[in-house]
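A.B. asks: Coordinates for the following, if possible.
(one chain, ligands or ions: 1)
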Amino acid sequence: LNDSDVPDVLSNYVGGAFTPSEGALLDVTNPSRGDVIAHVPMSTPAEVDVAVRAASVAYETWRFTPVGTRVTHLYRLLDAIRREEEVLARLIVLEMGKSLPDARAEMKRLIQNLEVACAMPMLQQGSKLVGASADMDGEVLPMPLGVFAMFAPFNFPGMVPFWFLPYALATGNTFVMKPSEQVPCTMQAIARLIDEAGMPPGVFNLVNGDKVVSRALMEHPRVVGVSMVGSTPVARITAETCARHGKRFQALGGAKNHLVIMPDAPMDEVVRNLVTSCFGCAGQRCMAASAIVCVGERTHRELVDAFTAAARAVIVADPLDPAVENESMVCGPVISPAARERIHGLIEKGIAEGARALVDGRGVHVAGREGGNYVGPTILGDVAEGATVHRTEIFGPVAVILKADSFDEALAIVNGHEYANGASLYTRSGYYARRFKLEAEAGMIGINVGIPAPVAYMPFGGAKSSFFADVKAQGRSVVNFFTQERVVTERWWKEDE
Ligand code: NAD
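C.D. replies: Alright, predicted model coming up:
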């Protein structure tokens, strides 16, 4: 692979062949420069149907392929992805705009998920109860279900699909994937590697497009389950549509992650973590810290001084500019001009509602990259609980600061929020750390960790309006989503002699 290998017009991958779509073409833009790097088709429901049918046919053989053979294909894919890791990381930067070190970290997590899925011969084992009743045994068989579908968000074009894809295939299901139409090039390149890994035709399928494709997947009678990651309104639509059509679903939604700072927290560590958590990936991470709650006046004063100074020092640049490409902290562009306008609008609204712009990134200028969608690090102080900029997921490099008089008041702010993806506490106190672990309502908790995104060996998912499902992504948990427990109760008589 080479990042210049991305074709001008992307295709679908259906039944083991790259297939052009008849759908209208949409520009794929490099957000750092504004130039068009490819064109992606908006596939039609009829094309979705062909892909689902191909997956459905492949399922009949794949489900009976021994699990050891199934993961052999994943091991081959793992080799190919490791070989192409740097090219894929650069492709992620090209179409999404995060820093190269961030994209490399994304690739590492993608690989880690693939490695975990390769353990399926161990993970998919069932259980047996000898003597469940008189002369009877009970057996639990974790069986595959059929065709699974997934549609992905723009901010992790490589990693997020791998929260699901390798687990679905390893457990004996087949898969139809729709990448985000804003960043479809990474999965196009990965589809080539899947093809190279010799996966039987129809086991993995790629259909490009927008919500028309998602809808057709959710409504297709042969799709048994859907995994979706994106904003909360779309997660809600996914949950409702899948429930209506009798499918299992995992819908991971938006976030507004709180980070609470206690008076005893080491301020230099806090600020170092805050800068990467709030402004890395230009704030476009579902685990980004975006609401900072300072406990006590002195904490607030010290935090504001140190954090504003650190935010002003952040490099805002095209992450593929050779002068900065290996810098660990670069704030690149946001995904589109529309996203930038939305973020500008929210900053304006915050100020109109009484917040103070301690650092204002709206006027940022990146020389030679006038076509890019840059917003500089922004910090809004004196934000009231429940103000628009506190309630809303901004999904840009904008941090809001709130004050609390005590741990309990800070905890009430965290728990009063609609979103509950992640929440972190900074303290040296085991007492408050323990209370935060047990009482903060978020799905993923950080203790002195700014981005508490779990490794692939552990489940990933939030709570409340950040998560519409029962089974989380990644790790052992997700095996339950991709299998159904068939329970056998059996009795045998002695054969006639
Ligand atoms: P989005 O909701 O706009 O799109 C996500 C996917 O849904 C895309 O593939 C899109 O084509 C499709 N889609 C859009 N509208 C749809 C509709 N009406 N019906 C069906 N499908 C539809 O999200 P985005 O802007 O691409 O991604 C950013 C969002 O994703 C943020 O809210 C972020 O917090 C969230 N996110 C959450 C997690 C998590 O783990 N909870 C992880 C990454 C991103």
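
A.B. asks: need the contact list for the closest residue to E490 other than its chain neighbours.
C.D. replies: Closest residue to E490 apart from its sequence neighbours, by C-beta to C-beta, 6 or more residues apart in numbering: D137 at 5.6 Å. C-beta here means a position set from N, CA and C on the backbone, and glycine is covered the same way. Contact analysis of D137 by C-beta atoms under 8 Å, 6 or more residues apart in numbering lists K128, L129, V130, G131, T489, E490.

A.B. asks: Could you do A423 as well?
C.D. replies: N257, H258, L259, V260, V414, F436, A440, E441, A442, M444, I445, G446.

A.B. asks: mind checking the SS state of it?
C.D. replies: What DSSP: H, G, I helix; E, B strand; the rest coil gives for A423 is strand.

A.B. asks: gap between the closest residue to it other than its chain neighbours and F175?
C.D. replies: If the residues on either side of it in the chain are set aside, A423 comes closest to A442, at 3.9 Å by C-beta to C-beta, 6+ apart. Applying C-beta to C-beta, to the nearest Å, the value for A442 to F175 is 30 Å.

A.B. asks: Repeat that for L77.
C.D. replies: 13 Å.

A.B. asks: Show me which of the two is the more surrounded one.
C.D. replies: F175 (29 against 26; other C-beta atoms under 10 Å).

A.B. asks: Just give me the neighbour total for V334.
C.D. replies: Neighbours of V334 under the rule other C-beta under 10 Å: 25.

A.B. asks: residue contacts, it?
C.D. replies: V334 neighbours (C-beta under 8 Å, 6+ apart): 31, 97, 282-284, 340, 343, 373-375, 395-397.

A.B. asks: Give me the pLDDT value at V314.
C.D. replies: Predicted confidence (pLDDT) for V314: 98.

A.B. asks: so, in contact with the ligand or not, the helix or strand L193 falls within?
C.D. replies: Taking DSSP states H and E as the criterion, L193 maps to helix 185-196. No. For a cut-off given as C-beta under 6 Å from any ligand atom, helix 185-196 has no contacts with the ligand; the smallest distance is 10.8 Å.

A.B. asks: By proximity to the ligand, which residue of the stretch 151-300 of the chain wins?
C.D. replies: G230 (2.6 Å; C-beta to the nearest ligand atom).

A.B. asks: repeat for the stretch 1-150 of the chain
C.D. replies: In the stretch 1-150 of the chain, no residue comes nearer to the ligand than M150, which is 9.1 Å away by C-beta to the nearest ligand atom.

A.B. asks: ranges for the helices of the stretch 301-450 of the chain?
C.D. replies: For the stretch 301-450 of the chain, the helices defined by DSSP state H, counting those that start in this stretch occupy 337-352, 388-391, 407-415, 430-439.

A.B. asks: Run through the neighbouring helices and strands of the second one.
C.D. replies: With contacts defined as 3 or more C-beta pairs under 8 Å, 6 or more residues apart in numbering; DSSP states H and E, helix 388-391 has these neighbours: helix 337-352, strand 398-404.

A.B. asks: Sort out which residues of it are buried, please.
C.D. replies: T388, V389, H390 (16 or more other C-beta atoms under 10 Å).

A.B. asks: Centre-most residue in the protein?
C.D. replies: Note on the chain: the residue nearest the mean C-alpha position is V160, at 4.2 Å, using C-alpha atoms, centre = their mean.

A.B. asks: could you list every residue that touches that one?
C.D. replies: By C-beta under 8 Å, 6+ apart, the contact set of V160 is A152, P153, V229.

A.B. asks: Tell me the confidence at it?
C.D. replies: 98.

A.B. asks: start the count at 469, not 1, going forward
C.D. replies: Happy to do that; since the first residue is 469 now, the last one works out to V628.
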